[in-house]
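Participant: Structure for the following, please:
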Amino acid sequence: MKSVNSLLKRRSLYSFSWWTRSLCSLPINASDDDLQNQILVEGKGNSRTAILNRPSVLNALSTNMGARLHKLYSSWEEDPHIGFVLMKGSGRAFCAGGDIVSLYHLINEGKVEECKEFFRTLYSFIYHLGTYLKPHVALLNGITMGGGAGVSIPGTFRVATGRTVFATPESQIGFHPDAGASFHLSHLPGHLGEYLALTGEKLSAAEMFACGLATHYSQTESLPLIEEHLGKLITDDPSVIETCLEKYSDIAYPEEISALRRIETLDRCFKHDTVEEIIDSLESEASATNDAWCNSTLKRLREASPLSLKVSLKSIREGRFQTFDQCLIREYRMSLQGISMQVSGDFCEGVRARMVDKDLAPKWDPPRLEQVSQDMVDQYFSPLSESEPDLELPTKLREAFN
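Facilitator: Down below sits the predicted model:
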């Protein structure tokens, strides 16, 4: 209990089976109405709510959704009659992340420019949210993974419920935690960010609240009351909104099996400079304690792409000393490397194995950690070419935070 209480006190800067069964791409012949309906809008009082509306694919984000969100949020920010903004998801998910199956098909069709547009559009919106001038409330009632965290965590408030499940599982599909993850994970207590980035392990709502990924925890049954109360507010004052959220908030403690109850062990193992040293430390801990958590963590690391593990570790470590915009710009470079297959085809292979063919047997390249060279890792952080432009963000107009 002591370690959990300490986490609650030192809240951070930000106070796969169900996934693989459901996440797939939007039909290529989707109509304009279908595209428009991917984001629904509700207006109550002087607030607006953006509803992620692709429940059949766990509200996976498309390029169109990123562009529509950016347009809506820009107009709401300029509207003096709108005081604050909410975001929620339809169905059993808030958002399961980016539509990686569509990306997989685009890559195989040679449409890399369309993939670049996806990352540019989504990251630009995420930066807009992270520098938003009005209070923002994300209702994380359900699955919140990858890009789903990206379009919620940079905002003012994140409300987790009994149905919330958080994860950054990118290393399990040969990618890297992106959409701003290298910023918010690196600012979590201790080395929790490294643990989440490398293992892709899930967090419950109580765990999200304990470590600061969620600002509030509420019972699922309270959500209608929260929305009703927020809908009656006429304010742009974050403290007024927070008072409303606090009225329906509960305290929840992580379960005994939680990684947060082993935070000292976690920090001791994940503080090391290399993935190999982290694994050695976990193996020593497992031998000494026979703790099931150590063994399950080792299993997750051995299932992940070796290249992704090394790339993700470096990304989190760099993110700890970069501003939000610097993280997004670097992640954009990394994402383009991931889809270009210049270094490795692990992203496509991971999506194939876990999302398309679903044989759950990816053939990673390289297959072992010792075969991943420093040059391969370094290239992942470099531009695709000398002529490849970096992600352009309006940093002079909208200042990023540290």
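
Participant: just checking, Cys211 touches His187?
Facilitator: No. Here Cys211 does not reach His187: they are 10.2 Å apart, not a contact under C-beta atoms under 8 Å. The way it works is simple: take the backbone N, C-alpha and C, and place the C-beta from them, glycine included.

Participant: what residue ranges in this structure are flagged as low confidence?
Facilitator: Within the chain, the stretches with pLDDT under 70 are 1-33, 401-402.

Participant: which residues in the stretch 301-402 of the chain form helices?
Facilitator: Here the stretch 301-402 of the chain has its helices, by DSSP state H, counting those that start in this stretch, at 306-319, 324-340, 346-351, 374-380.

Participant: most tightly surrounded among those helices?
Facilitator: Ranked by mean neighbour count, the helices of the stretch 301-402 of the chain are led by helix 306-319 with a mean of 25 (mean count of other C-beta atoms under 10 Å).

Participant: which other helices and strands contact it?
Facilitator: Where contact means 3 or more C-beta pairs under 8 Å, 6 or more residues apart in numbering; DSSP states H and E, helix 306-319 is packed against helix 181-184, helix 192-199, helix 275-289, helix 324-340, helix 346-351, helix 374-380.

Participant: Now do it: everything it contacts.
Facilitator: By C-beta atoms under 8 Å, 6 or more residues apart in numbering, the surrounding residues in contact with helix 306-319 are 170-171, 174-177, 182-183, 185-187, 193-194, 197-198, 274-275, 278, 301, 327, 330-331, 334, 343-344, 346, 350, 364-369, 371-372, 376-377, 380-381.

Participant: Take those and, keeping just the buried ones, write it as a PyMOL select command.
Facilitator: For the buried members of the contacts of helix 306-319, the matching PyMOL selection, counting by 16 or more other C-beta atoms under 10 Å, is:
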select buried, resi 170+171+174+175+176+177+182+183+185+186+187+193+194+197+198+275+278+301+327+330+331+334+343+344+346+350+364+365+369+372+376+377+380
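
Participant: Throw the helices of the stretch 301-402 of the chain into a markdown table and include distance to Tyr132, thanks.
Facilitator: Formatted as a markdown table, the helices of the stretch 301-402 of the chain follow (distance: least, C-beta to C-beta, whole Å):
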| stretch | distance to Tyr132 |
| --- | --- |
| helix 306-319 | 21 |
| helix 324-340 | 12 |
| helix 346-351 | 30 |
| helix 374-380 | 30 |
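
Participant: so where do the strands sit in the stretch 151-300 of the chain?
Facilitator: 157-160, 165-167, 203-204, 216-217 (DSSP state E, counting those that start in this stretch).

Participant: Wait, Ala67 touches Thr121, no?
Facilitator: Yes. Contact between Ala67 and Thr121 holds when scored by C-beta under 8 Å: they sit 5.3 Å apart.

Participant: hmm, back to that, tell me which of the helices and strands packed on helix 306-319 approaches Met87 most closely.
Facilitator: Counting by C-beta to C-beta, Met87 lies closest to helix 181-184 out of those; the figure is 16.1 Å.

Participant: for that closest one, packing partners?
Facilitator: Contacts defined by 3+ C-beta pairs under 8 Å, 6+ apart place helix 181-184 against helix 147-150, helix 306-319, helix 324-340.

Participant: Name the stretch from the helices of the stretch 301-402 of the chain that approaches Ala60 most closely.
Facilitator: The minimum distance between Ala60 and the helices of the stretch 301-402 of the chain falls on helix 346-351, with 12.3 Å, by C-beta to C-beta.

Participant: Among the helices of the stretch 301-402 of the chain, which comes closest to Arg398?
Facilitator: That would be helix 324-340 among these, by C-beta to C-beta, at 8.9 Å.

Participant: Could you measure from Glu246 over to Val137?
Facilitator: To Val137, Glu246 is 13 Å away according to C-beta to C-beta, to the nearest Å.

Participant: higher neighbour count, the two?
Facilitator: More crowded of Glu246 and Val137, by other C-beta atoms under 10 Å: Val137, with 27 against 11.

Participant: With only the CA atoms kept, save stretch 260-276 in PDB.
Facilitator: C-alpha atoms of stretch 260-276 as PDB (Å, rounded to 0.1, in the frame of the first residue of the first chain):
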ATOM      1  CA  LEU A 260       2.300  -0.500  -9.300                       C
ATOM      2  CA  ARG A 261       2.500  -2.600  -6.200                       C
ATOM      3  CA  ARG A 262       5.900  -3.700  -7.300                       C
ATOM      4  CA  ILE A 263       7.100  -0.200  -8.300                       C
ATOM      5  CA  GLU A 264      10.400  -0.600  -6.500                       C
ATOM      6  CA  THR A 265      11.100  -3.800  -8.300                       C
ATOM      7  CA  LEU A 266       9.900  -2.300 -11.600                       C
ATOM      8  CA  ASP A 267      12.200   0.700 -11.200                       C
ATOM      9  CA  ARG A 268      15.100  -1.600 -10.200                       C
ATOM     10  CA  CYS A 269      14.700  -3.700 -13.400                       C
ATOM     11  CA  PHE A 270      13.800  -1.000 -15.900                       C
ATOM     12  CA  LYS A 271      16.300   1.600 -14.900                       C
ATOM     13  CA  HIS A 272      19.100   0.000 -17.000                       C
ATOM     14  CA  ASP A 273      20.500   1.500 -20.200                       C
ATOM     15  CA  THR A 274      19.800  -1.500 -22.500                       C
ATOM     16  CA  VAL A 275      17.000  -3.900 -23.100                       C
ATOM     17  CA  GLU A 276      19.400  -6.800 -22.600                       C
END
